[in-house]
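In: when you get a sec, could you give me coordinates for this:
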Amino acid sequence: MKAGVIHAKDDLRFEEVSNPQVGEGEVLVKVRATGICGSDIPRVLADGAHFYPIVIGHEFSGDIVEIGENVTCVKVGDRVAGVPLVPCMKCDDCIKGDYALCKHYSFIGSREQGSFAEYVKMPEKNVVKFGDSVSYEQGAFFEPSTVALHGLLRCDYKGGEDVAILGGGTIGLFTAQWARIFGAKRVCVFDIDNDRLALAKKLGVDFTINTRDEDYKEQIKDLVGNNGFGFVYETAGVDATMKLAFELAGNKAGVCYIGTPTRELNFTPELLEKMLRKEFDLTGSWMSYSAPFPGKEWTLTAHYFSTGDLRFEDELIFKRLPLSEIKSGFDMYKTPGFVKGKILLLND
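Out: Predicted coordinates:
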């Protein structure tokens, strides 16, 4: 088969490799659509791969074309989204159902061969079926959608509160949608890009605020007064938004960091004091899994995509490329700020 193979830092080649061989309890998926995740970028451009050569990629969908012995839950022809985490199922965290915290996990697309290929194999439990009403492109968005929902639920989320989403990227826009689906009073997305804010409105959020506007603090006060937001979700992983979360949180609020920071972050005593005075709960979120594996994050994504309540707009996709042009897709990330949305790699 053909695959995008990393041989060294910024050495990505589209070349012939051996087809995966399916073992007992495994399935082979013909990849139809696969997305480039932010975590894939350093694996290609910054010497961030665990080993070489490797095929990465973990946001994907396709068709099951082969099943191994003792596979019982899926069949050839099923349309599926891939679940990349392969937990050991034996450690204390796995036994508790905290699979993302597994001490001995593998991961399709980083620790074993991934989806930037014509075919990928995985355990039977690592696929989630979806119906004909859900497109393969939507299937490639299951993984980011589940990351958003897992983060939402980390705060013991309840409806009826004002919700702030910091960052209008893919994860932020899905977090906003999940907040709306599960009964938010009002959802407000914060970003610095008006195009992303316009997409947020199209996806059903109630308010948007561009933090580059000179009067953005007045806009916040007009919206929630001095009460703050009942739930705040940071999805960008940058200094400004991680600090802004402390400012926006109301008394007894839930605050969750979903975005992954890449630089040193310093909080002033005055800012940290806000957590004490407001008594808000601060937590983090890692990946997207719960018991029974892979969790409600995945089954609810399949359901709400099928009903249309979890909306999918073309603007979520920045560029569609054939898999053979994978190198040019990653080259686009060399220009900071150029890529806005998801790059999808497609197989016929």
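In: name the SS class of the most centrally placed residue in the chain, please.
Out: The chain has Pro144 as the residue nearest its centroid, 2.2 Å off, counting by CA atoms, centre = their mean. Following DSSP: H, G, I helix; E, B strand; the rest coil, we place Pro144 in the helix state.
In: shouldn't it be in contact with Leu173?
Out: No: Pro144 is beyond contact range of Leu173, at 9.2 Å (criterion: CB atoms under 8 Å). Heads up, the C-betas are built off the backbone N, CA and C, glycines and all.
In: next, the residue lying closest to the residue nearest to the centre of the chain once chain neighbours are set aside: phi, psi?
Out: Distances taken as CB to CB, 6 or more residues apart in numbering place Thr170 nearest to Pro144, at 4.9 Å, with adjacent residues excluded. The phi/psi pair for Thr170 (degrees, to the nearest 10) reads phi -60, psi -50.
In: one more: Met122?
Out: According to degrees, to the nearest 10, Met122 has phi -170, psi 170.
In: I'd say it and Glu26 touch.
Out: Yes: Met122 lies in contact with Glu26 (CB under 8 Å); the separation is 6.5 Å.
In: look at those two and report which has more neighbours.
Out: Met122 (24 against 19; other CB atoms under 10 Å).
In: next, the buried residues of the host helix or strand of Thr299.
Out: For Thr299, the host element (DSSP states H and E) is helix 296-307. For helix 296-307, burial by neighbour count (16 or more other CB atoms under 10 Å) applies to Lys296, Glu297, Trp298, Leu300, Thr301, Ala302, Tyr304, Phe305.
In: contact partners of that helix?
Out: Helix 296-307 has contacts (CB atoms under 8 Å, 6 or more residues apart in numbering) with 81, 83, 128-131, 133-134, 138, 142, 145-147, 149-150, 153, 181, 288-290, 310, 312.
In: now stretch 330-338
Out: Leu12, Ile36, Asp40, Ile41, Val44, Leu45, Lys319, Val339, Ile343.
In: follow-up on the earlier one: among the contacts of helix 296-307, which are in strands?
Out: Using DSSP state E, the members of the contacts of helix 296-307 that fall in strands are Ala81, Val128, Lys129.
In: need these in a markdown table (columns: neighbour count and distance to Leu203).
Out: Supplementary listing: the ones in strands among the contacts of helix 296-307 in a markdown table, determined by neighbours: other CB atoms under 10 Å; distance: CB to CB, whole Å:
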| residue | neighbour count | distance to Leu203 |
| --- | --- | --- |
| Ala81 | 30 | 20 |
| Val128 | 24 | 22 |
| Lys129 | 16 | 25 |
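In: distance to Ile108 for those - can I get that in CSV?
Out: Formatted as CSV, the ones in strands among the contacts of helix 296-307 follow (distance: CB to CB, whole Å):
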residue, distance to Ile108
Ala81, 12
Val128, 13
Lys129, 17
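In: need the strands for the stretch 1-150 of the chain, in chain order.
Out: Counting by DSSP state E, counting those that start in this stretch, the stretch 1-150 of the chain has strands at residues 2-8, 11-16, 26-35, 59-67, 79-82, 85-86, 106-107, 119-123, 127-129.
In: all good on my end, thank you.
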